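Chemist: Structure of the sequence below:
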Amino acid sequence: MSQGLLDALPRPALVIDPAGRIARANAAALGLLGDAIVGRHHITALRQPMLLDAIEKVMADDVPAKARYLATEAKKDITLLAHCAPIKPDGGILIFFEDLTALEDADQMRRDFVANVSHELKTPLTAMTGFIETLQGAAKDDPVSRDRFLEIMQREAARMNRLVSDLLSLSRVESSERVRPTTEVDIATAALAVVGTLGPVARDAGVRIETGGLDAPCPIRADADQIAQVITNLMENAIKYSGQGTEVRLSLARDPDNRILRSAAAVLSVSDQGEGIDPMRIPRLTERFYRIDTHRSRELGGTGLGLAIVKHIVNRHRGRLRIESQPGRGSRFTVILPVSH
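Modeler: Reported below is the predicted structural model:
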């Protein structure tokens, strides 16, 4: 195989001659394996046992073979699939490498997601099963215990219902993330509606809700239900974690030339006076099921999906989500969305 043909291949590729030496390689292969591989015997240049076994099979049986190959690129571990094929009639072997890293990362995310969902559902189910067994036995004729256990079971069932609802919401948001909304929505009106809905929740928690900038219309191209969900999720989190006797502030500003979006934008902020968050943890807050304090989050009814849903909705609307916090100084979540023209 000519050098010109090798260079035309979009993936790392090299040729091993009948004597077992690397005869030529394209630029991508040199970048992956090093500039000094040409002329070296493939055993010393490639070294990984699975790939060497595949090459030996091609040499012995004159049939194609495949093998996984592990490498490092830009200080990151990557996984490749090496396709080895005999070159006929001249002899030798062509090897080209297919990058599987993205596929394996996606598969790992899927496995992690399934494991997390299973864990989140199993915990309340286990608790409920235990209480059912107790109610069928020792507590069957104890009205006080029966009422207490039924109350706990109701709370665990509600938690599972919230989790399933959030999973369905996340699925719907992800499926529509590439479709940009076209309906005009007044985000100020949506914010006022959320404040009205969550007012009783805040009062029960001993939290004051203050607002700013909601008196004037602010139209954006948006999905009305999703925008309401963003505001609701941020406000619910703020109320949950702010603490009794504190204040949660919801503000809306219009920025005619936002430096992040480089266009006119609506800037919606939710600030609380809670414990705050270590800045080192902030980048992970929008991961599915990530919680800083797992026990406290579950006690407060959190599913670990609220901010993941917010992130995907904001992405669909071509906006940005910013999180600012310091331990002991509360947190501020800011959503920046392009306004209608």
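Chemist: where exactly do the helices run in this protein?
Modeler: For the chain, the helices defined by DSSP state H occupy 3-8, 27-33, 42-46, 49-61, 101-136, 143-175, 187-205, 224-242, 294-299, 306-316.
Chemist: so where is this protein shaky, pLDDT-wise?
Modeler: For the chain, applying pLDDT under 70 flags the ranges 1, 119-120, 291-303, 341.
Chemist: For the residue minimising distance to the centre of it, which residues are in contact?
Modeler: Centroid-nearest residue in the chain, with Cα atoms, centre = their mean: residue 287, separated by 4.4 Å. Residue 287 makes contact with residue 308, according to Cβ atoms under 8 Å, 6 or more residues apart in numbering. Glycine gets a C-beta too; all of them are placed from N, C-alpha and C.
Chemist: For residue 307, see how far away it is.
Modeler: 8 Å (Cβ to Cβ, to the nearest Å).
Chemist: before we move on, the earlier item: of the helices of the chain, which is nearest residue 334?
Modeler: For residue 334, the closest of the helices of the chain is helix 224-242, at 9.4 Å, according to Cβ to Cβ.
Chemist: What are the boundaries of the strands in the stretch 201-341 of the chain?
Modeler: Counting by DSSP state E, counting those that start in this stretch, the stretch 201-341 of the chain has these strands, from start to end: 208-212, 219-221, 247-258, 263-271, 320-325, 331-338.
Chemist: Let's have these in CSV, adding distance to residue 96 and mean neighbour count.
Modeler: Listed next are the strands of the stretch 201-341 of the chain as CSV, based on distance: least, Cβ to Cβ, whole Å; neighbours: other Cβ atoms under 10 Å:
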stretch, distance to residue 96, mean neighbour count
strand 208-212, 60, 14
strand 219-221, 45, 18
strand 247-258, 46, 17
strand 263-271, 44, 21
strand 320-325, 40, 17
strand 331-338, 43, 21
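Chemist: Now render those as CSV, adding distance to residue 150.
Modeler: Shown next, in CSV, are the strands of the stretch 201-341 of the chain (distance: least, Cβ to Cβ, whole Å):
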stretch, distance to residue 150
strand 208-212, 33
strand 219-221, 45
strand 247-258, 33
strand 263-271, 35
strand 320-325, 39
strand 331-338, 36
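Chemist: of the ones you listed, which approaches residue 82 most closely?
Modeler: Among those, the nearest to residue 82 by Cβ to Cβ is strand 320-325 (40.2 Å).
Chemist: and that closest one with helix 306-316, angle?
Modeler: Interaxial angle of strand 320-325 relative to helix 306-316 (axes from the mean of the first three to the mean of the last three Cα atoms, to 10 degrees): 140 degrees.
Chemist: Please state the offset of strand 320-325 from the chain centre?
Modeler: Relative to its parent chain, strand 320-325 has a centroid offset of 16 Å by Cα atoms, centre = their mean, to the nearest Å.
Chemist: Sheet-wise, list the partners of that strand with their directions.
Modeler: strand 331-338 (antiparallel) (DSSP bridges).
Chemist: Number of residues surrounding residue 121?
Modeler: 15 (other Cβ atoms under 10 Å).
Chemist: ok, now which ones touch the residue lying closest to it once chain neighbours are set aside?
Modeler: What sits nearest to residue 121 in space, not counting adjacent residues and going by Cβ to Cβ, 6 or more residues apart in numbering, is residue 160, at 6.3 Å. Contacts for residue 160 (Cβ under 8 Å, 6+ apart) come out as 121, 124-125.
Chemist: got it, and residue 50?
Modeler: If you count contacts by Cβ under 8 Å, 6+ apart, then residue 50 has 67-69 around it.
Chemist: Can I have the buried ones of those residues as a ChimeraX selection?
Modeler: If you want just the buried ones from these in ChimeraX, going by 16 or more other Cβ atoms under 10 Å, the selection is:
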select :67,69
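Chemist: the domain parsing of the protein - what is it?
Modeler: 3-99, 102-175, 179-341 (automatic domain parsing).
Chemist: now, of the ones you listed, which is deepest in the fold?
Modeler: domain 179-341 (a mean of 18; mean count of other Cβ atoms under 10 Å).
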